[in-house]
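**Student:** Next input, structure requested:
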Amino acid sequence: MGKKNKKEKGRGAEKTAQKMMKKQKGKKGEDTEDLEAMIAEFKQADKMKTTYHEEKTSHPSPRSNMSFCAHPEKDELILFGGEYFNGKKTFMYNEMFVYNLKRGDWSKRFAPNPPPPRCAHQAVAVAKEGGQMWVFGGEFSSPNNSQFYHYKDLWVLSLKEHVWRQVKAANGPSPRSGHRMCHFNKNLFVFGGFHETSRDFLYFNDCYMFNLAESVWSKIAAAGTGPSPRSACQLAVAPTGILVVGGYSKTRVKKDVEKGTAHADMFLLSTEPNSKYKWKQVKETGQKPWPRSGYSLAQISQNRSVMFGGVRDEDLEENLESQFFNSMSCLDVISHRWFNFDLRHARGESSSSEDDGMDHDGQLAAGSSTAGNFSVPCPRMNAAVAVKKHNMFIYGGMVEQDSRQITLNDLWSIDVKKVDAWKELVKSDDTATDWQEEGSDADSDGDDDDSDDDETGGGECSKSSGIDWSNTDVTLPTVRANDSLPSFWFRTREDWLELISDNLVCDGSDEMRRADDIAASAEKQARLHFERERQHDEPQNDEQQNDEPQNDEPKEE
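**Tutor:** From the prediction side, this is the model:
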């Protein structure tokens, strides 16, 4: 929840600096030359450091829109760049941190000649010459978020020699951030992104290929109809090409009003004979996740990718109402079918693709949620993900608490073969205390938000407690024999959110529905349903389990 802001890194911009919009309107801000001067100062300072060095650290400071990838030859995770916004000021980074999987500790490394500070860039690690990490694009923001400088530079870090090198090649992508990059058929592919000035913004749907052997850029002229312009999509590599999943874009409705769109489509850029490419929109089947943006996608095998987290926003003219997720879904990149990716419970219950419902999300906490007797990462957007061997790692992300946007720096892992439990490797700092409101305007905004919450949350939508499900054709989530109330809520939260969104009747218009009302109503309805089922069917748990596949019938092909 909060005020919109023009800053954009996929959906993340509207979460990192929402309170700045009113302050920035009518302000000129720094010229581009000022930003270039600031970047030049960073470069000059880094030139003075000519040797590689490494130092131990407890963990990286909180940041967002950084890159995070696995070392191709060692048991290490590499974090580079990013930004941190405390409600008043933005800090930009070009630091590199490495997490050693065997020792379970972080270190900060400096390699000579690094790229200047940036965020919303992309990095890909490849197994070449002892390991390389390639970085393209991104943006640099002024401290007050009024101006942005977009990069179009390409860098490579030798993970063996610990030296950065800028690769200058013509005919590459234009300056941008929020794009996506992947490694396919021994080439780098860059798709989409956006470019923003103080007056306007532009989204891209072009695709470029960088030949790693020849160090040459080429623009992909693909046949067919491709995705619409967007940023913050996700890429998954399939045997026959590259999948573009979802994304985000916005359009200007009128002079000072912008409307965002979270894309829920999927396209395949396939390889054709004679080294040609073709776009094709693909049909998704199975248990497709609830539409959202700001989610993460990690490739866990040649055929499977896992989605984690994200946020669903309702765009009102002046506000954003948000529901955050910490669910997982699995995508078969060949059949384009979605499956649940629930935890296998301690009692040996299988987390198969045929489980009921969609993804399920836990309660928001400082950095973790508790469902039953196990912990999971709290709902969040823009988490960084990486996969090493058969473990998926989640770093940081963004959550909201009241009017504050909280940047996390926790680290979690999950075995994607066992899918039995999340492990919290590093706890997040309490960054909520760092948040600074932007003067009286921010305070008044916060007061307005509170008063709105009181009006809508306390009265208009409270009728949801009286929903009579018996008068509808809705199939409610099944209560399993071994469910506790917390585990039932964790497993079925997203189903209840969707049910309440479809059935909640407010005194006001649809635009006045608030995300916190929906979430509170969903939790209440889930609890009431759980209690009713336990009272009525507790002696017949075996029958209840036998009836469970009824919820799955629509999902069978």
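
**Student:** Could you check how many residues crowd around the spatially closest residue to residue 302 that is not a sequence neighbour?
**Tutor:** Leaving aside its chain neighbours, residue 302 sits nearest to residue 239 (6.9 Å; criterion: C-beta to C-beta, 6 or more residues apart in numbering). C-beta: built from backbone N, CA, C; applies to glycine. Residue 239: 10 surrounding residues under other C-beta atoms under 10 Å.

**Student:** Which residue ranges of the stretch 401-550 of the chain form strands?
**Tutor:** Taking DSSP state E, counting those that start in this stretch as the test, the strands found in the stretch 401-550 of the chain are 404-415, 422-426.

**Student:** give the contact list for residue 243.
**Tutor:** Residue 243 sits next to 235-237, 266-269, 282, 333, 336 when contact means C-beta atoms under 8 Å, 6 or more residues apart in numbering.

**Student:** What strand or helix carries it?
**Tutor:** strand 241-254 (DSSP states H and E).

**Student:** Run the angle between the helix or strand that that strand is followed by and strand 241-254 for me.
**Tutor:** Following strand 241-254 in sequence order, the next helix or strand is strand 257-272 (DSSP H and E). Angle of strand 257-272 versus strand 241-254, following axes from the mean of the first three to the mean of the last three C-alpha atoms, to 10 degrees, is 160 degrees.

**Student:** Packing partners of strand 257-272?
**Tutor:** For strand 257-272, the packing partners by 3 or more C-beta pairs under 8 Å, 6 or more residues apart in numbering; DSSP states H and E come out as strand 241-254, strand 276-281, strand 304-315.

**Student:** CSV for those strands, including distance to residue 71?
**Tutor:** What follows is the helices and strands packed on strand 257-272, written out as CSV (distance: least, C-beta to C-beta, whole Å):
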stretch, distance to residue 71
strand 241-254, 23
strand 276-281, 30
strand 304-315, 20
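
**Student:** Tell me which of those is the most buried.
**Tutor:** Neighbour counts (mean count of other C-beta atoms under 10 Å) averaged over each of the helices and strands packed on strand 257-272 peak at strand 304-315, with a mean of 23.

**Student:** What mean pLDDT does that strand get?
**Tutor:** Mean pLDDT, strand 304-315: 89.

**Student:** what's the next secondary structure element after that strand?
**Tutor:** strand 319-332.

**Student:** Need the CA coordinates for that following strand. PDB is fine.
**Tutor:** C-alpha atoms of strand 319-332 as PDB (Å, rounded to 0.1, in the frame of the first residue of the first chain):
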ATOM      1  CA  ASN A 319      -2.900   4.500  -4.500                       C
ATOM      2  CA  LEU A 320      -1.600   0.900  -4.900                       C
ATOM      3  CA  GLU A 321      -3.300  -1.900  -2.900                       C
ATOM      4  CA  SER A 322      -1.000  -4.900  -2.600                       C
ATOM      5  CA  GLN A 323      -1.100  -8.500  -1.600                       C
ATOM      6  CA  PHE A 324       2.300 -10.200  -1.200                       C
ATOM      7  CA  PHE A 325       3.000 -13.900  -1.700                       C
ATOM      8  CA  ASN A 326       5.600 -16.500  -0.500                       C
ATOM      9  CA  SER A 327       4.200 -19.400  -2.500                       C
ATOM     10  CA  MET A 328       6.000 -21.600  -5.000                       C
ATOM     11  CA  SER A 329       4.800 -23.000  -8.300                       C
ATOM     12  CA  CYS A 330       6.600 -25.300 -10.700                       C
ATOM     13  CA  LEU A 331       6.600 -24.800 -14.500                       C
ATOM     14  CA  ASP A 332       7.400 -27.500 -16.900                       C
END
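
**Student:** Quickly run through the sheet partners of it, with directions.
**Tutor:** Counting by DSSP bridges, the strands paired with strand 319-332 are strand 2-3 (antiparallel), strand 304-315 (antiparallel), strand 337-340 (antiparallel).

**Student:** So which residues of the stretch 351-500 of the chain form helices?
**Tutor:** For the stretch 351-500 of the chain, helices defined by DSSP state H, counting those that start in this stretch occupy the ranges 439-452, 485-503.

**Student:** Since that was my last question, I'll sign off now.
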